[in-house]
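Trainee: heads up, no residue letters with this:
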C-alpha cells in the first residue's frame, strides 16, 4: 500500500485529469516535432523563415570570363573583415599553379595579391566587406576576372575559375637589308636609257638611294662595259680616229682599225672599272651622279659642276671624288702600255688629260641635270629632294 498523498491533482475528477494528460502529451509531441524539423532544416541548409540564405550566381562574358559571386558562409556582425578563397584550373580541369591573383576593392585604389598554390588554390584574409574584383593572370593564359560582394565577417568561396589559353598574335615584319634595297634600285637603274637606247646607268634619280656594295659596284661597271651600245660607240670612235689619222702609229686598213678599236675599248674598260668599281670599293665612295632636279637653275648648275670633283660616300656624306680623279690618272698610265710610241703620254700630258676629263665630266653633269632626264626612259617616280 502506498501512503496517502494530499495533492491538487488528486482533487481533480478522473475525466478532467485524463484530458489534461492528453493535452500535455499533445503539446510535448508538437514541440518535439517542431524541434526536429528545425534541426533537420538547419542541418541540410534549407531556408528557414527569418534567416537570410546567400545566393550564388555565375555569369560568363566573351573574352576574359567574368564570374559574379555574392559570397557563401555566415555573417558575424557589422564591420568585421572576411576572407575570399577560390581555385584556378585550365580547360582540362588541371590546377593552374603559380597564377597571380589580384583582389581589388571598389572603394579602394590599392588591393591584395596572392599566388595560386600547387593545387591552384588562392586565399585572401582580412578582406573588408563590400564589392570586390578578382583578376587572375598566368603565363600562357588569357586574364580572367571575377566579381563579388563580401558581407561583414563572411568567408566567400568563389566558384571555380577556368583560365582559357591565350591567343597569341605574332606580328612578322619583313624588312629588306640595305644591300637588298640597293639591289632593287640598281635593277631599275640599269633600265635607264637615253632615247630608249643609250645606257644611262651611272645616274641615280633617287636622292636617298641606298649605297652600293663592292659587288654591286663591279656589277654596274660590268653591265656598262658589255652593253651593246658601248661596243657600237667604241666602233664609231675608232672609225673617226682612223678617218682623221689619229694614232697614226696603228697604221691603216682593217688591222689599224682593230688596234684603234682595242685601244678605245681598253680606255673604256680601265676607266670604268678603276674609277667606277675598284677605287670606289676601296675608298667607300659612290661612283654615281645623284640628280638634284630642284632649286634655282644657278644652284643646280653649280651642283652639277661641283660633282666633277666631289661625290657621295657610302656613308651618305659628300667628300672629294678621289675615286674619279685617281681613276682617270691610273687609266691614262695604263693606256701607255698599248698606245703607239708617239702617242704615249708623259706626266704633264697625264695631268692635262685629267683636267680635260674633269671638264668633260662637268659638262656631262650639266646635261644630266637639265637635259638628259627628259629623254631618259624608265626613270623612277620618286620626287627629288633639294
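Mentor: It's in. All figures in this text were calculated on a predicted structure; none of them were measured in a lab. Numbers count the residues shown, from 1 in each chain.

Trainee: Going by C-alpha atoms from here, please, whenever you check contacts or count neighbours.
Mentor: Fine.

Trainee: can you give me the strands for the stretch 101-250 of the chain?
Mentor: All strands of the stretch 101-250 of the chain, identified by DSSP state E, counting those that start in this stretch, fall at 111-115, 121-127, 130-137, 144-150, 155-157, 161-162, 193-194, 198-199, 203-204.

Trainee: Output those as JSON lines; include the columns distance to residue 241, mean neighbour count and mean pLDDT.
Mentor: Shown next, in JSON lines, are the strands of the stretch 101-250 of the chain (distance: least, Cα to Cα, whole Å; neighbours: other Cα atoms under 10 Å; pLDDT from 0 to 100):
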{"stretch": "strand 111-115", "distance to residue 241": "93", "mean neighbour count": "15", "mean pLDDT": "89"}
{"stretch": "strand 121-127", "distance to residue 241": "98", "mean neighbour count": "18", "mean pLDDT": "92"}
{"stretch": "strand 130-137", "distance to residue 241": "86", "mean neighbour count": "19", "mean pLDDT": "90"}
{"stretch": "strand 144-150", "distance to residue 241": "88", "mean neighbour count": "21", "mean pLDDT": "89"}
{"stretch": "strand 155-157", "distance to residue 241": "104", "mean neighbour count": "21", "mean pLDDT": "91"}
{"stretch": "strand 161-162", "distance to residue 241": "92", "mean neighbour count": "20", "mean pLDDT": "92"}
{"stretch": "strand 193-194", "distance to residue 241": "25", "mean neighbour count": "18", "mean pLDDT": "96"}
{"stretch": "strand 198-199", "distance to residue 241": "21", "mean neighbour count": "18", "mean pLDDT": "96"}
{"stretch": "strand 203-204", "distance to residue 241": "28", "mean neighbour count": "20", "mean pLDDT": "96"}
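
Trainee: Which one, of the ones you listed, ends up nearest to residue 340?
Mentor: For residue 340, the closest of the strands of the stretch 101-250 of the chain is strand 198-199, at 30.3 Å, according to Cα to Cα.

Trainee: Partner strands of that closest one and their direction?
Mentor: strand 193-194 (antiparallel) (DSSP bridges).

Trainee: My guess is residue 202 contacts residue 287. True?
Mentor: Yes - here residue 202 reaches residue 287: they are 7.2 Å apart, a contact under Cα atoms under 8 Å.

Trainee: These two: which is more packed in?
Mentor: Between residue 202 and residue 287, counted using other Cα atoms under 10 Å, residue 287 has the larger neighbour count: 26 against 19.

Trainee: Report the contact partners of that one.
Mentor: Residues in contact with residue 287 (Cα atoms under 8 Å, 6 or more residues apart in numbering) are 202, 217, 275-277, 280, 311-312, 323-324.
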